[in-house]
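**Q** Sequence first, then the predicted structure, then my questions.
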Amino acid sequence: MARAEGKALKAPAFGYAKPASLAEAFELLGRPNAKILAGGQSLIPSLNLRLSSPDLLVDITGLKGLSGISGNGNSITIGALTTHAQIEKSAEIKKHVPLLAQAAPQVAHPAIRNRGTLGGSLALADPAAEYPACAVALDAVFHIEGKQGKRQAKASAFFKGLFETDLKPGELLVAAEFPVARSGDRSVFLELARRHGDYAIVGLAAHNDRFVFLGAGDRPVSFAFKENLEGARRALKAGLKPPADLYNNSATKLHLAGVLLERAWNTIRT
Ligand SMILES: Cc1cc2nc3c(=O)[nH]c(=O)nc-3n(C[C@H](O)[C@H](O)[C@H](O)COP(=O)(O)OP(=O)(O)OC[C@H]3O[C@@H](n4cnc5c(N)ncnc54)[C@H](O)[C@@H]3O)c2cc1C
């Protein structure tokens, strides 16, 4: 058993509730220090590491209507509880949202993809995560619900900083809506990681002239590159200031971002 300071490494005590309806969930989320639990693949490790100590976990996995993939010809809506594995295996996503289909197998390992959810990943807003960058590149719209009612937020305005989003206390991300790829659209997802399944050192979600980097700032970092590759390289060098991580300094990450830019350019712009 892992030990920290002579004690077992496990979560602090917390209350647990599994609401059967959204109304019940909103009531529970109004209680002090309550937190949403979805797939638990980020939240539970953070509890075990004592990085978070909520009084109440509100398990939303029993809520109907928050899971699944549906299309209307113009867009594909993916419920917040849809797992990474379901996204990875979906023929509809492969056909209509190819950028997301390319990104899904790069998210963590199969065991985590079986439980982790789209909503959990977007709400967590880890700057090295794949889906937030894809959502910004594709101009996705997020459907949010709370006690006060429903609202929508554009992905480009949703990510506010390191693990920080536009979600207000008590609000739940219910779905994300992605535009259907049109003929002539080109997209590619690329990332560099130490081992497959690790969080990316740097990654790139590119869709037409929009290039969105992950692992390169406190949130997805978006560029519109309309000119030639040389101009894009110059703009990247001037505009991207990646923070160092445990293994790579900022200059290395900037270099790797340039490598991904060139690979993506050669795939979708030539
Ligand atoms: C070893 C390991 C490797 C990983 N590698 C990657 C990786 O390479 N790329 C990557 O993107 N992720 C990675 N992850 C994280 C994984 O993808 C998680 O599944 C995901 O980040 C969170 O989804 P979840 O459903 O598990 O959410 P949870 O862990 O249950 O919740 C995460 C956070 O989101 C909030 N939340 C969850 N759902 C909602 C909602 N619908 N509305 C509002 N708030 C909500 C929770 O309150 C919590 O704060 C990794 C995890 C592990 C353990």
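**A** Alright, I've got the coordinates. Numbers count the residues shown, from 1 in each chain.
**Q** Please make it C-alpha for all contacts and neighbour counts, starting now.
**A** Fine.
**Q** The strand of greatest length in the chain pairs with which strands, parallel or anti?
**A** Counting residues, the longest strand found in the chain (DSSP state E) is strand 172-179. Paired neighbours of strand 172-179 in the sheet (DSSP bridges): strand 75-79 (antiparallel), strand 141-146 (antiparallel).
**Q** Let's have those strands in a markdown table, adding distance to the ligand and mean pLDDT.
**A** Output for those, formatted as a markdown table (distance: least, Cα to the nearest ligand atom, whole Å; pLDDT from 0 to 100):
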| stretch | distance to the ligand | mean pLDDT |
| --- | --- | --- |
| strand 75-79 | 9 | 98 |
| strand 141-146 | 8 | 98 |
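**Q** Now the ones you listed in CSV, please, with extra columns for mean neighbour count.
**A** Shown next, in CSV, are these (neighbours: other Cα atoms under 10 Å):
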stretch, mean neighbour count
strand 75-79, 22
strand 141-146, 21
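**Q** Tell me which of those strands sits nearest to Phe189.
**A** Checking these against Phe189 by Cα to Cα gives strand 75-79 as the closest, at 18.5 Å.
**Q** Tell me the helix or strand right after the closest one.
**A** The C-terminal neighbour of strand 75-79 among helices and strands, as given by DSSP states H and E, is helix 84-89.
**Q** Show me what that following helix is packed up against.
**A** Helices and strands touching helix 84-89, by 3 or more Cα pairs under 8 Å, 6 or more residues apart in numbering; DSSP states H and E, are helix 98-103, helix 110-115.
**Q** Which strand or helix spans Ile44?
**A** helix 43-48.
**Q** so what secondary structure elements neighbour that helix?
**A** Using 3+ Cα pairs under 8 Å, 6+ apart, helix 43-48 sits against no helix or strand.
**Q** Now do the buried residues in it.
**A** Neighbour counts over helix 43-48 (16 or more other Cα atoms under 10 Å) mark 43-44, 47 as buried.
**Q** that older thread, quick one: name whatever helix or strand follows the longest strand of the chain.
**A** Assigned by DSSP H and E, the successor of strand 172-179 is strand 187-192.
**Q** List phi and psi for Lys150.
**A** Dihedral pair for Lys150: phi -100, psi 150, per degrees, to the nearest 10.
**Q** hang on, it packs against Phe142?
**A** No: between Lys150 and Phe142 there is no contact under Cα atoms under 8 Å: 10.7 Å.
**Q** roughly how far is the helix holding Ile44 from the heart of the chain?
**A** Here helix 43-48 shows a centroid-to-chain-centroid distance of 18 Å under the convention Cα atoms, centre = their mean, to the nearest Å.
**Q** Keeping just the C-alphas, turn it into CSV.
**A** Output in CSV follows, covering the C-alpha atoms of helix 43-48 (Å, rounded to 0.1, in the frame of the first residue of the first chain):
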residue,chain,number,x,y,z
LEU,A,43,-11.2,13.5,-9.3
ILE,A,44,-10.5,10.3,-7.4
PRO,A,45,-6.7,10.5,-7.9
SER,A,46,-6.8,14.1,-6.8
LEU,A,47,-8.7,13.1,-3.6
ASN,A,48,-6.2,10.3,-2.9
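**Q** Good, wrapping up.
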